[in-house]
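Novice: can you look at this prediction? I've put the sequence above it.
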Amino acid sequence: VQLQASGGGLVHPGGSLRLSCAASGGTLNIYAIAWFRQAPGKEREGVSCISVGGRSTYYKDPVNGRFFMPVDNAKNTMYLQMNSLKPEDTAVYYCAVGEVCWLMDYWGKGTLVTVSS
């Protein structure tokens, strides 16, 4: 599976941004799909994950209630809708798929999100 993430950029605190991740070579709905991020000087961390078949959706505490993870199965594309952005959301964001949430097998290249005034 190949994953292509896009949509990063510079946004002011309180603003919104939507990341996209287009998949090819495989169908998203047979995988657990997730977004991770890595802030400068920190380890990569999970952000959100949808289990295989869309049965469950998980959001990590720092983003719960602000970030949402819609999926367009017709386009084989997953998104990360980020609202009420904070400077601490600044990171390189990665999309990934795998057999179970948080244990991912295929990764896209990251896209940089910078939240700054």
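Specialist: Sure, I can see it. Since the structure is predicted, the reported quantities are computational estimates derived from the model, not experimental observations.

Novice: find the nearest non-adjacent residue to the residue nearest the centre of the chain, please.
Specialist: Nearest to the geometric centre of the chain sits residue 35, at 2.8 Å (Cα atoms, centre = their mean). Nearest non-adjacent residue to residue 35, counting by Cβ to Cβ, 6 or more residues apart in numbering: residue 47, 4.3 Å away. (C-beta placed from N, C-alpha, C; glycine too.)

Novice: likewise residue 65?
Specialist: Leaving aside its sequence neighbours, residue 65 sits nearest to residue 59 (Cβ to Cβ, 6+ apart; 7.7 Å).

Novice: what does the longest strand along the chain rub up against?
Specialist: In the chain, with assignment by DSSP state E, the single longest strand is strand 91-100. Under the criterion Cβ atoms under 8 Å, 6 or more residues apart in numbering, residues 1, 3, 5, 8, 19, 21, 23, 26, 28, 31-40, 42, 44, 47, 51-52, 78, 80, 104-113 lie in contact with strand 91-100.

Novice: and residue 2, how close does it get to residue 97?
Specialist: 10 Å (Cβ to Cβ, to the nearest Å).

Novice: now for these two: what residues contact both?
Specialist: 23, 106.

Novice: those two - which one has more neighbours?
Specialist: residue 97 (24 against 10; other Cβ atoms under 10 Å).

Novice: dig out what residue 113 forms beta bridges with.
Specialist: Taking DSSP bridges as the rule, residue 113 bridges to residue 9, residue 91.

Novice: I figured it hits residue 16, correct?
Specialist: No - with contacts counted by Cβ atoms under 8 Å, residue 113 stays clear of residue 16, the gap being 11.2 Å.

Novice: joint contacts of those two?
Specialist: By Cβ under 8 Å, 6+ apart, the residues touching both residue 113 and residue 16 are 82, 85.
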